[in-house]
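1. Have a look at this prediction, sequence included:
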Amino acid sequence: MNKDNTIGAKIQSYRKLQNMTQDELSKRSGIYLSTIKKYESGERNPKPDQLQKISEALGVSITVFLDFEINTVSDVISLIIKLDEQTSLKITADKDERGSIISSTIRLSFDDPQINDAICSYLECKDRIHLASNNSSDPTMTEISVQTTDETKNRLLLYNALIKKSVH
């Protein structure tokens, strides 16, 4: 596993993005400072209840710390069903002359402009990576662009405004 993808590295990264010290995280989460240090160093991994306290103290969803693979159509569909059930997801598509949905025209959006704005920011990040990798023969510049984009993506995950499913 990439060291930057460990739970401890993620805790440290989000703590620093919040300009928070380990001591402040300890106080906000109610977890001993020595334990926070062990989590960040990778010496220990937090149990689910501890991770929940840390995520609340950092103002991020606990899901940012969890790694799960999406390998099957079922994995994708289960995420879309959850989004549809719990958010203002809109799924649209064009239909052919017989009334059948044209699969290549499926579009996802949300009634909530905050979600759409955050997705736009994410897409802009992806565009920056694509442009940097295609326009730069200098691997260092591409790496810097990817790092900047990763930080931007992580900042998007700090945007924890509450959402509600709109009732139609």
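-> Sure, I can see it.
2. Would you indicate which residues of the helix or strand harbouring residue 34 are buried?
-> Assigned by DSSP states H and E, residue 34 belongs to helix 33-41. Of the residues in helix 33-41, those buried by neighbour count under the rule 16 or more other C-beta atoms under 10 Å are 35, 36, 37, 39, 40. For every residue, glycine as well, the C-beta is placed using N, CA and C.
3. Would you mind measuring from the third one to residue 78?
-> The gap separating residue 37 from residue 78 is 37 Å, by C-beta to C-beta, to the nearest Å.
4. Check the second one too.
-> Applying C-beta to C-beta, the value for residue 36 to residue 78 is 33 Å.
5. which two in the buried residues of helix 33-41 are spaced the farthest apart?
-> Farthest-apart pair in the buried residues of helix 33-41 is 35 and 40; separation 9.8 Å (C-beta to C-beta).
6. Count residues in the vicinity of residue 20, would you?
-> 17 (other C-beta atoms under 10 Å).
7. Any stretches of this structure with poor pLDDT?
-> 1-4, 132-133, 135-149, 159-162, 164-168 (pLDDT under 70).
8. need the longest helix for the chain.
-> For the chain, the helix reaching the highest residue count under DSSP state H is reported as helix 113-135.
9. quick one: the helices in this protein?
-> So, for the chain - with DSSP H - the helices run 7-17, 22-29, 33-41, 48-58, 73-86, 113-135, 139-157.
10. Distance to residue 104 added to the ones you listed, as JSON lines?
-> Output for those, formatted as JSON lines (distance: least, C-beta to C-beta, whole Å):
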{"stretch": "helix 7-17", "distance to residue 104": "36"}
{"stretch": "helix 22-29", "distance to residue 104": "46"}
{"stretch": "helix 33-41", "distance to residue 104": "45"}
{"stretch": "helix 48-58", "distance to residue 104": "38"}
{"stretch": "helix 73-86", "distance to residue 104": "16"}
{"stretch": "helix 113-135", "distance to residue 104": "19"}
{"stretch": "helix 139-157", "distance to residue 104": "27"}
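11. show me what contacts the residue lying closest to residue 101 once chain neighbours are set aside?
-> Among residues not flanking residue 101 along the chain, residue 93 sits closest, at 4.6 Å (C-beta to C-beta, 6 or more residues apart in numbering). Counting by C-beta atoms under 8 Å, 6 or more residues apart in numbering, residue 93 touches 101, 102, 103, 105, 106, 107.
12. what does residue 73 give?
-> Residue 73 sits in contact with no residue, where contact means C-beta under 8 Å, 6+ apart.
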